[in-house]
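# Mind folding the following:
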Amino acid sequence: MWTKGSNKSVWNQLPQGVVALFCIQIFSTLSFSVLYSTLVLYMTGSLSLSAHYANTIMGVFVAFNFALHLLGGYWGGRFLSNRTLFCIGMFAQVIGCMLLATIKPGLLNYGLAAFLTGSGLNVTCLNCMLTQRFKPEDTRRESAFLFNYAGMNIGFFVGFTLSGYFQVSHNYQRLFLVSSIGNLIALLICLYNWHALSDENTLLSKLSKRDQKRFTIKGVVLVLCMPIVLSHLLLFADMANRLVLLTGIVMIAVIYVLALKQPTKEFRNKLFAFSILMVIGTVFWTLFQIGPMGLTNFINNNVERNLSTFIIPPQWFQNVNTICVVIGGPALSLLFNHLRKKGVSIYIPVQFAIALFLIGLAFVILPIGISFAGNDGLVSSGWIVLCFFLQSMGELLISPIGYAMIGLLAPEDLQGVMMGMWMLATGVGATLASYSSNWMTVGQESTDPLITNAGYSSVFLYLGIAALAASLVLFILTPLIKRWINDKKEAGVNASDLAAA
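Down below sits the predicted model:
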């Protein structure tokens, strides 16, 4: 057990199961990162689909992935234990990768549906398993989430690197088969640590053995129905995107209803604060999710990628993000700890506002880079590296902090649902990102950068200005949100334990 002043390593300071979840995070992320960075190029290249259709499908894929986290948060701990639902999800992802590896257009929707069943449902389970390893007042939770977020980005780094390597030769079949191995490893680690990852204080765990069996059967039936439903929704991608947007609007209303039902003013105000931060998060994720859609097409066609005799794969630029996050997570923790020692308070809404400012700046600089394009219309890759660097700094201030925020703002019985709602904001952002990506090249059939640069430039500028404006609004609302959060310690994420380790 961890005690203050212990000289043990940071891993020994954390509760049983946390190290296993860190390893699971790495391997379970690998296959998603492959699809996240490669799906658009796979559809436009090997399957010969239009860029507009590929962006739309990609938008649905990312949106459903995060929207289904809401179901994962609701089903996990109610119908199936979080560890059971996670293992079923890993198996579904293996099947999805194998179907995609056939390189047959007719199996695209079925492969994506099977994969989404896993990736959509199990992420919330993973986060809930992690947060349940700690008592509500245990400040080490934030450190564990920062470590896990770094683990996730290690998985992204490996996935992006593999994607670029196989994309050069267009060997997508082997890429999808290799990526499925990560799912199998994550599944085996979870099974090996089965007892250490048991649910704590969930509705299912409090039921009798007989009722648990009955609810488990219902949960399995629900999961088996998911690929069927998703494969049909993917056939109507535009309708599916609108459904995600509608769900996001409904969730905002649900949060307010839940807030009004809270027995105390403290929890009511915390839910009001969560609703505002969730909307702000949606703005951030709209710009961030353009990365695997419009920005990937822009890098592929409009950016100078020649390095001597080697052409840099588009996916490798996204490794700027993973490297920054893996290094920046612990560094940010140390910085926060240093500032707190000097009496500087760091608040969640301020962190979110800075994140919006950084990602807004990341997109505002792209039109500047386009204005300096060469005679062939190609933009220097340095502008893309700077764009991803700024996005990464913003991501560090909003994504792991957002996960840890749930433990601060959510009542214990609503943590799973609110974790899903927070992830749903990313899904809504992905849908808006797909619309923005198609807006960049609307009415243009050519991929010639001399023709398409103008469209990209105007959309990048509009999106960047919108994020900067949202950042300003949040700065203005910060005093109100701080009062709503009403944390007696400090309305921010305490990273001192990580720094002390």
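
# okay, which residue is most central for this structure?
residue 426 (6.5 Å; CA atoms, centre = their mean).

# nearest residue to it other than its sequence neighbours?
Nearest residue to residue 426, sequence neighbours excluded (CB to CB, 6 or more residues apart in numbering): residue 66, at 4.0 Å. (Glycine included, C-beta is placed from N, CA and C.)

# what residues are up against the one you found?
Applying CB atoms under 8 Å, 6 or more residues apart in numbering, we find residue 66 in contact with 120, 423, 424, 425, 426, 427, 430.

# Show me what the helix or strand residue 280 falls within is packed up against.
If you go by DSSP states H and E, residue 280 is part of helix 265-288. When contacts are defined as 3 or more CB pairs under 8 Å, 6 or more residues apart in numbering; DSSP states H and E, helix 265-288 sits against helix 237-260, helix 348-371, helix 381-409, helix 415-440, helix 449-485.

# Now do the same for the helix or strand that comes right after that helix: mean pLDDT, whole number.
Per DSSP H and E, the first helix or strand lying C-terminal to helix 265-288 is helix 296-302. If you average the pLDDT over helix 296-302, you get 87.

# Please apply the same query to stretch 140-149.
Mean predicted lDDT for stretch 140-149 stands at 74.

# any idea of the angle the one helix or strand the residue nearest to residue 426 maps to forms with helix 265-288?
Per DSSP H and E: residue 66 is located in helix 51-75. Angle between the axes of helix 51-75 and helix 265-288 is 160 degrees (criterion: axes from the mean of the first three to the mean of the last three CA atoms, to 10 degrees).

# Strands of the stretch 1-150 of the chain, residue ranges please.
Using DSSP state E, counting those that start in this stretch, the stretch 1-150 of the chain contains no strands.

# now it, which segments are flagged as low pLDDT?
For the stretch 1-150 of the chain, the stretches flagged by pLDDT under 70 are 1-13, 136-137, 139, 142.

# Run through the helices of it in chain order.
Here the stretch 1-150 of the chain has its helices, by DSSP state H, counting those that start in this stretch, at 10-13, 18-45, 51-75, 82-100, 108-131, 140-168.

# Is it possible to get TSV of those that adds distance to residue 242?
Putting the helices of the stretch 1-150 of the chain into TSV (distance: least, CB to CB, whole Å) gives the following:
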stretch	distance to residue 242
helix 10-13	46
helix 18-45	21
helix 51-75	10
helix 82-100	24
helix 108-131	18
helix 140-168	29
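
# Near residue 177, how many other residues are there?
Neighbours of residue 177 under the rule other CB atoms under 10 Å: 14.

# How about it, nearest residue that isn't a chain neighbour?
Per CB to CB, 6+ apart, closest to residue 177 is residue 101, 5.0 Å.

# Show me how far the helix holding residue 280 is from its chain's centre.
Offset of helix 265-288 from its chain centre (CA atoms, centre = their mean, to the nearest Å): 16 Å.

# How confident was the prediction at residue 152?
85.

# can you check residue 388 too?
93.

# That one against residue 318, yeah?
Yes: proximity of residue 388 to residue 318 meets the contact threshold set by CB atoms under 8 Å, at 6.7 Å.
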